[in-house]
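> this one's sequence-less:
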């Protein structure tokens, strides 16, 4: 299988080179653009191979999705996230980390960005071979910074942006953990510790799914159609609320049908959480595409801009074909090399029942979307790990301190009281 995978990956890089040579508007330095495009495509493959497993791993691990289903959902939503909402973070990576105005000449800038791409792609490739989930974001940000320092010294680094990025790396896993714990607390109180679990599930699961859809729709309307149309705040709120109600109306009868004849126990709740879990895995893939496509094409966009216009400090616009390389590369990397890691992440988190997996995926998605909105490159890997910690910590704490739980243990069958 690996020979076929490598073959297909090479074909993709060949097509990338062809597309770059046809579509970039440069005669003089066409070879530079082609080389940069190949490196960007290679990086995108690596991101797909290494990173995307985290988004759908929990859903596969808790058996809400099959491996094929997970691959298809991830590919669709990763690409959508990259193409629709990927622009903000690209700008930060291509222009925010080092100050292009201080680079002596455009050639130096081009080669510094090249070096950043090569170094980060090779590192992520090594990590994937060993089977270590690393952060592609940290690799690229470090690569750009290192190359900038090598090119023109420490003064070149935009330390203000760097400190914001570094702070977000500390804050984002914490935020992921807190949000995940809050969601789990809500689910425990309103569903797991209710006497009639099925009635509680019919009431709350549609609300949870609708909240997710509403938040996502508002984010999309702010971010997604910026090129075409910029809605005002009222419109954004209306879109969010409208989506909430529509989703709620659709989900309610679906959950009711699904819950008919189910026993009043936690096992049933787990089955009912499959729909929310699949939705949150899709949302997390979208968030990841929006944030991480920049790791592959941020430096590439900067190189192309500099080659085409000759000036370094201008405003970077990202051509659609460059976004496509990033989006396709991530999806292809996932298909060719992702299954091994998905199985690993899914199996390692076997203690993830669907309720916990849902809390992790949703909180990670919210955190990453918020960061993308601010244009901060964060590590989805770290955020997801933070969320897993948050869920685990909350369970320990709650098990020790919950009066309600102790009452339940004395009242009912012990197998029902698993958190």
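Great, that's in hand. In this text, all values refer to a predicted model and were calculated from it rather than measured experimentally.

> list the buried ones in stretch 367-376?
367-373, 375-376 (16 or more other C-beta atoms under 10 Å). C-beta: built from backbone N, CA, C; applies to glycine.

> In helices only, show me these.
Applying DSSP state H to those, the entries found in helices are 367-373.

> closest to residue 54 among those residues?
Residue 54 lies nearest to residue 368 out of these, by C-beta to C-beta, at 10.7 Å.

> Model confidence for the closest one, exactly?
Listed pLDDT for residue 368 reads 84.

> Give me the nearest residue to it, chain neighbours excluded.
residue 287 (3.9 Å; C-beta to C-beta, 6 or more residues apart in numbering).

> My guess is that neighbour contacts residue 81. True?
Yes. The pair residue 287 / residue 81 is scored as a contact, 6.3 Å apart, by C-beta atoms under 8 Å.

> So in this protein, which helix runs the longest?
Determined from DSSP H, the single longest helix within the chain is helix 274-309.

> Pull out the buried positions in the helix or strand that it is followed by.
Along the chain past helix 274-309, the next helix or strand (assigned with DSSP states H and E) turns out to be helix 320-348. Burial within helix 320-348, assessed by neighbour count using 16+ other C-beta under 10 Å, is assigned to 322-339, 341-342, 345-346.

> list the contacts for the residue positioned nearest the centre of the chain?
For the chain, the residue nearest the mean C-alpha position is residue 288 (1.8 Å; C-alpha atoms, centre = their mean). If you count contacts by C-beta atoms under 8 Å, 6 or more residues apart in numbering, residue 288 has them with 51-52, 54-55, 78, 81, 368, 380.

> Can you name the two of those residues that sit furthest apart?
The largest separation in those, counting by C-beta to C-beta, is between 54 and 81 at 14.3 Å.

> neighbour count winner among the two?
The neighbour comparison of residue 54 against residue 81 (other C-beta atoms under 10 Å) goes to residue 81, with 30 against 27.

> Look at the residue nearest to that one when sequence neighbours are not counted and say how many residues are nearby.
Nearest residue to residue 81 in three dimensions, chain neighbours excluded: residue 289, at 2.7 Å (C-beta to C-beta, 6+ apart). For residue 289, the count of nearby residues is 33 (other C-beta under 10 Å).

> just residue 391 next, same as before
27.

> That one touches residue 360, doesn't it?
Yes. Counting by C-beta under 8 Å, residue 391 does reach residue 360; the two are 5.9 Å apart.

> Overlap in contacts, these two.
With C-beta under 8 Å, 6+ apart, residue 391 and residue 360 have common neighbours residue 180.

> where does the stretch 201-350 of the chain dip in pLDDT?
Flagging of the stretch 201-350 of the chain using pLDDT under 70 yields the residue ranges 223-230, 311-316, 344-350.

> hmm, back to that, now do the contacts for the residue nearest to residue 81.
Neighbours of residue 289 in contact, by C-beta under 8 Å, 6+ apart: 77-83, 85-86, 327, 330.

> how much space between residue 397 and residue 390?
Per C-beta to C-beta, to the nearest Å, residue 397 is found 11 Å from residue 390.

> Can you pick out the residue with more neighbours from those two?
The neighbour count for residue 397 versus residue 390, taken as other C-beta under 10 Å, is higher for residue 390 (25 against 12).

> does that one sit in a helix or strand, and which one?
Residue 390 belongs to helix 380-401 when assigned by DSSP H and E.

> what comes into contact with the helix or strand residue 267 falls within?
Element membership of residue 267 [criterion: DSSP H and E] is helix 266-272. The contact list for helix 266-272, computed with C-beta under 8 Å, 6+ apart, reads 62, 191-192, 197-198, 201, 205, 255, 258-259, 262, 353-355, 416, 418.

> And the buried ones among those, selectable in PyMOL?
In PyMOL syntax, the buried subset of the contacts of helix 266-272 is picked out as below (16+ other C-beta under 10 Å):
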select buried, resi 62+191+192+197+198+201+205+255+258+259+353+354+355+416
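
> Can you flag which of the contacts of helix 266-272 belong to helices?
Going by DSSP H, the helices hold 197-198, 201, 205, 255, 258-259, 354-355 from the contacts of helix 266-272.

> picking up where we left off before, taking the buried residues of stretch 367-376 together, which two end up most distant?
The two members of the buried residues of stretch 367-376 with the most space between them (C-beta to C-beta) are 367 and 375, at 14.6 Å.

> No further questions, thank you.
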